[in-house]
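1. Structure of the sequence below:
(chains A and B)
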Protein chains: 2
Amino acid sequence: MKVRIDFEPVGRRGECPSGESLLECARHLGVDLVSICGGVGTCGRCIVQVVDGEVSEPTPAEGEYLDPKELSEGYRLACQVIPRGTCKVRVPPESLTAPQRTQIEGEEISVIPEPPVDAYLLQLPAPSLEDLHADAERLTEALVEQHGVTASSVDLGVLRQLSPRLRREDWRVRTMVRDGEVVAVLPPEARSLGLAMDLGTTKIAVYLVDLDSGETLASEGLMNPQIAYGEDVISRMAAAVRDPAKAVQLQTLVIDAVNEAVAQMCGEINAEPAEIVEMVVVGNTAMHHLLVQIPVQQLVAAPYVPAIASALDVKARELGLNIAVGAWVHLLPNIAGYVGSDHVAMLLATELAQAEGVVLALDIGTNTEVCLASHGRLTSLSCASGPAFEGAHIKHGMRAANGAIEHLRLVDDRIEIQTIGGGPAVGLCGSGILDTLAQLLQAGVVDPRGSLVQHPRVRSDSGIREFVLVEGDDHHRAITFTQKDIRELQLAKGAMRTGIEVLLKSHGLGADEIDQVIIAGAFGTYINVSSAIAVGMLPRLPLDRFRQVGNAAGMGARLALISRSKRAEAQDLARRVRYIELASDPGFNHTFAQAMRLESRP
Amino acid sequence: MKVRIDFEPVGRRGECPSGESLLECARHLGVDLVSICGGVGTCGRCIVQVVDGEVSEPTPAEGEYLDPKELSEGYRLACQVIPRGTCKVRVPPESLTAPQRTQIEGEEISVIPEPPVDAYLLQLPAPSLEDLHADAERLTEALVEQHGVTASSVDLGVLRQLSPRLRREDWRVRTMVRDGEVVAVLPPEARSLGLAMDLGTTKIAVYLVDLDSGETLASEGLMNPQIAYGEDVISRMAAAVRDPAKAVQLQTLVIDAVNEAVAQMCGEINAEPAEIVEMVVVGNTAMHHLLVQIPVQQLVAAPYVPAIASALDVKARELGLNIAVGAWVHLLPNIAGYVGSDHVAMLLATELAQAEGVVLALDIGTNTEVCLASHGRLTSLSCASGPAFEGAHIKHGMRAANGAIEHLRLVDDRIEIQTIGGGPAVGLCGSGILDTLAQLLQAGVVDPRGSLVQHPRVRSDSGIREFVLVEGDDHHRAITFTQKDIRELQLAKGAMRTGIEVLLKSHGLGADEIDQVIIAGAFGTYINVSSAIAVGMLPRLPLDRFRQVGNAAGMGARLALISRSKRAEAQDLARRVRYIELASDPGFNHTFAQAMRLESRP
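-> Next comes the predicted model:
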């Protein structure tokens, strides 16, 4: 038995097996519905409106996220709804995993390229009855004779292409050597390209780099397609632990997306993927493990240890990457279960180890990694800030896609909003959420304990107090900011601020002794620092001490790609950083309780 | 449209696509018909008898191998016959690639094991909030602390199993380290096993070895299943060159067979394939390349150079081998396109480099590799002796399977035969062929130029003179020895003897100066040395100078498996052996013409 489902306005329709939930039907038909919890009814993000047709009754889980009025209008959680027959379903824009603004730019640091792969042009004598040397030895002997370079091995993938290639190129080839291994034998005109990837939970940034000049030739920002299996790392790791086939799917999704981005970038600069002879990856420890298909069971249970922390070199072909057959992927080292190589890359890019004075660096995300550097001493920790600033667990939250309110101002009783793309507002992304909280706080609509007070725009129709930002009409739901949202944000900013306080305490410093605050990452790039200070997320310091550096992790990945010294520095950094397990800090509870307060303080 | 085919007496029947040849139908139904040429009608080995049913007319190719009487009796070449409808087909035993007697034993040389993989028992502290080391670093640090061993990397496959394994084994594991890399982490009671393989064109010998003691715990001899694609390396390489998918199939066939043999041997000694942490492979250059999936195009065309000659280390998993996930396969070095690592292994096992005086060593096969060692100077060459001594191109030739005449004596006019298995004769295997030629020569039925003279048993019913060894009856074809067979054998033994003469000449030695002749390989083990001398294949020397050593290549593989010194020696041998390209020897034609004569000479 099949049922016919019509998803609008995306215009996807077709037959789905009966008994499947609307979320499964959507996946079936290629409609990318948001799902943070992976379809178990606990995130409330896959909201759709059943416009026509008979469906199953609302479940208790739906009551948590939708008020009776919304339910009566047909609003439902797609994961909870089983269609009984032909249905017409409206998908609000905020429920789509729409392409999102992705931060790929970062501050540039110039570094002298010392690429890990060296290229040598070789002209070989052709074999004859008088010169019967095997092809591989012919090549390695020419390397010695023509360039004084000793290669002790030839990669198996290269070997599998070597003999035809040498003959096709008439014995004139560009040979790439890495650590004594021949990793590519290419036509003489081939370039040495490298690929750097910042593999984020939500977004992936990839950069195609000329290994010899260090120049970035092309870059792409893309969504991490694993989002379909849950928006946070915990859901994805849980899926991988439950079902090894899911772990494979999660990996394949990323690899396919990267291969596509590589093809796209190569097209732009008229290059071949086979010219990409080296790759560097940075990411949080969960992304790192899932990419390499290392089990994550020990990462989801205390004491949360990685399977491996050191830098790891893996053959690209073992991951399914479509670049040079002999290319290595160098994964920068992790520090701990929740402080991954993206943090190391940020430290590398911001040159924190060389910084003078006291510097605080944050990469804000679902987990916010914070590092305090004082006079060369580095301490890092991770705060479970949660996905609230990425729009999850926030009633009208969404990611930074078109229609998201990115900035908001309360002017008397008027609300000024700025959306991404400039069109009508459909929800709030991270920077908009932060502004809203700061503005309501400053207007006294929210008090420092986080309670919504009386206000003409505050209502509680659905049983929970909420501030109406945008009134609804026949076609759009109202956009509100609820008491529950505020609690989520208090937890999020409280976690971050706790991390900062614990770090300062561990160095015996006060917040006012911080010379510079570096804010990295996409969310960090777009936030209004004043708002972050206003709600007490960041310490109150002169604004000129803050530096928003963009995608520092991606920058660090590129540095490690083109420079052997930077790689060594990364490995050294990872060993040198002292890691604090935040939850085991003795003053944690007290600090956290204080940090929850919404108030600007040094 | 399908046609129904019934193969008897093997009792395989079923439907096959119409238009397929009987050879293809046989493969379809799992009947292992011999096919040397791969189904193009040039080897004459896939003889079957169509007992019932309508089939296509005989082709000219069939006229070459079957006389009119045989054709009238329904004897046909299966590759040439297209069934028109339901058929019943009798498969004579000699047309089946029956399990064959495989030489796996060889002389034992005792060597002190210096295994390339070392095992260390480790007891690790479990991680805790106070000890957050990652699993891989926990392991490598314990290696240093508990055994003073530094491992700089952990194999990716091992890493993918590490975290669950450490926890399942309660942090007590046997850790295998090879060249600074952790290649296996096993339960504490695991053994260190190794696998040695002699990958022959026709036969595969595999040995399961205790790496620590050097003891062979189990062994298996099996047919090389690639035979279905042609019995000689040229046909198989041609197939691989024509169609890359065939190259993959050829590789998969061998891997599947080896995996099966591994499972079998592990069952015998109650071991797990995952305990096999190292493997060594020897074989001719073609088998070597096909196994590793290296292209062979340059091997089939002059000047026949290998893609690689040096020893090669490849991860077992990259070949599809089901042994320890991190295990390496070490392939011994090749010397030239037609002198492969099996020859190096023979040199290693027979300790030819250390031999005193003048020693000649031969491994007789389709290609016969010969090495002359005089006072530490080694020279090798390969003779294209052809498959005649393996029973191919010989009218009633067959491989050494049940029913093959393995020894034969002419006593007056009586013929005494000895068959493998003792049952009725169905054909001649190599040693029987050699005896037949020697006996007919000594009886004067064949003259030194190789012509069959008048004799009561010589007839020429089919237009070609042949000596009747066994008369036919209603159920069996006659077994004969034809003038054409003799020409084939003259070419084969002429090639071998030419090789010997060229080697002696290159060292400035006479045959009578040879102190010892070592004959290796399966055929060499079973031949009557007197017969070989009688026909002039081997020099006439006192019989006590001959040593038949069995599978020396397999022995060499085992030595290289358990001893790092022997590996180094093999690499050194391959470099040190002077290789002569026989065909480019200036006196080749003259020497060959002489060597064709059937006469005993020093």
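
2. how about the closest residue to chain B within the stretch 401-550 of chain A, secondary structure?
-> The minimum distance from the stretch 401-550 of chain A to chain B, using Cβ to the nearest Cβ, falls at A:Val502 (14.9 Å). For every residue, glycine as well, the C-beta is placed using N, CA and C. Recorded secondary structure, A:Val502: helix (DSSP: H, G, I helix; E, B strand; the rest coil).

3. okay, which residue is most central for chain A?
-> The centre of chain A sits closest to A:Gly200, judged by Cα atoms, centre = their mean, with a distance of 2.0 Å.

4. Setting aside sequence neighbours, what's the nearest residue to the residue of the stretch 401-550 of chain A closest to chain B?
-> A:Asp585 (5.1 Å; Cβ to Cβ, 6 or more residues apart in numbering or on different chains).

5. for A:Asn259, same thing?
-> Computed as Cβ to Cβ, 6+ apart, the closest residue to A:Asn259 that is not its neighbour in sequence is A:Asn322, at 4.5 Å.

6. In terms of secondary structure, what does whichever helix in chain A runs longest contact?
-> The helix that spans the most residues within chain A, counting by DSSP state H, is helix A:244-269. Using 3 or more Cβ pairs under 8 Å, 6 or more residues apart in numbering or on different chains; DSSP states H and E, the elements in contact with helix A:244-269 are strand A:193-199, strand A:203-210, strand A:216-223, helix A:233-242, helix A:285-292.

7. What angle do helix A:285-292 and it make with each other?
-> 80 degrees (axes from the mean of the first three to the mean of the last three Cα atoms, to 10 degrees).

8. what angle do helix A:244-269 and strand A:216-223 make?
-> Using the same axes, to 10 degrees: helix A:244-269 against strand A:216-223 is 140 degrees.

9. what's the next secondary structure element after helix A:244-269?
-> Heading C-terminal from helix A:244-269, the first helix or strand you meet, by DSSP states H and E, is strand A:276-283.

10. wait, does that following strand contact chain B?
-> No: Strand A:276-283 is not in contact with chain B by Cβ under 8 Å from any Cβ of the partner chain; minimum separation 13.8 Å.

11. Centre of the chain to that strand, how far?
-> Remark: strand A:276-283 is offset 16 Å from the chain centroid, using Cα atoms, centre = their mean, to the nearest Å.

12. Nearest spatial neighbour of A:Val325, chain-adjacent residues omitted?
-> A:Gly157 (3.3 Å).

13. Kindly report the same for A:Gln298.
-> Using Cβ to Cβ, 6+ apart, the closest residue to A:Gln298 is B:Ser163 (4.6 Å).

14. Wait, that neighbour touches A:Tyr304, no?
-> No: B:Ser163 lies out of contact with A:Tyr304 (Cβ atoms under 8 Å); the separation is 11.8 Å.

15. out of these two, which sits in the more crowded spot?
-> Neighbour count, other Cβ atoms under 10 Å in any protein chain shown: between B:Ser163 and A:Tyr304, B:Ser163 has more, with 23 against 18.

16. That one in helix, strand or coil?
-> Using three-state DSSP, the structure places B:Ser163 in helix.

17. quick one, what contacts it?
-> When contacts are counted by Cβ atoms under 8 Å, 6 or more residues apart in numbering or on different chains, B:Ser163 touches A:294-295, A:297-298, A:307, B:135.

18. Filter these down to the buried ones.
-> Neighbour counting by 16 or more other Cβ atoms under 10 Å in any protein chain shown classes A:294-295, A:298, A:307, B:135 among these as buried.

19. rewinding a little: so how far is the longest helix of chain A off the chain centroid?
-> For helix A:244-269 - counting by Cα atoms, centre = their mean - the centre lies 15 Å from the chain centre.

20. Over to stretch A:62-75?
-> 32 Å.

21. tell me which element the closest residue to A:Asp118 other than its chain neighbours falls in.
-> Closest residue in space to A:Asp118, ignoring its immediate chain neighbours: A:Val177 at 5.3 Å, by Cβ to Cβ, 6+ apart. When elements are assigned from DSSP H and E, A:Val177 belongs to strand A:172-178.

22. Dump the C-alpha coordinates for stretch A:434-446 into CSV.
-> Output of stretch A:434-446 as CSV, limited to C-alpha atoms (Å, rounded to 0.1, in the frame of the first residue of the first chain):
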residue,chain,number,x,y,z
LEU,A,434,21.2,37.3,20.6
ASP,A,435,20.1,40.8,19.6
THR,A,436,16.5,40.0,20.6
LEU,A,437,17.6,38.9,24.0
ALA,A,438,19.9,41.9,24.5
GLN,A,439,17.2,44.4,23.3
LEU,A,440,14.5,42.9,25.5
LEU,A,441,16.9,43.0,28.4
GLN,A,442,17.9,46.5,27.8
ALA,A,443,14.2,47.5,27.4
GLY,A,444,13.4,45.8,30.7
VAL,A,445,11.0,43.4,29.1
VAL,A,446,13.3,40.6,30.3
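
23. That'll do, ta.
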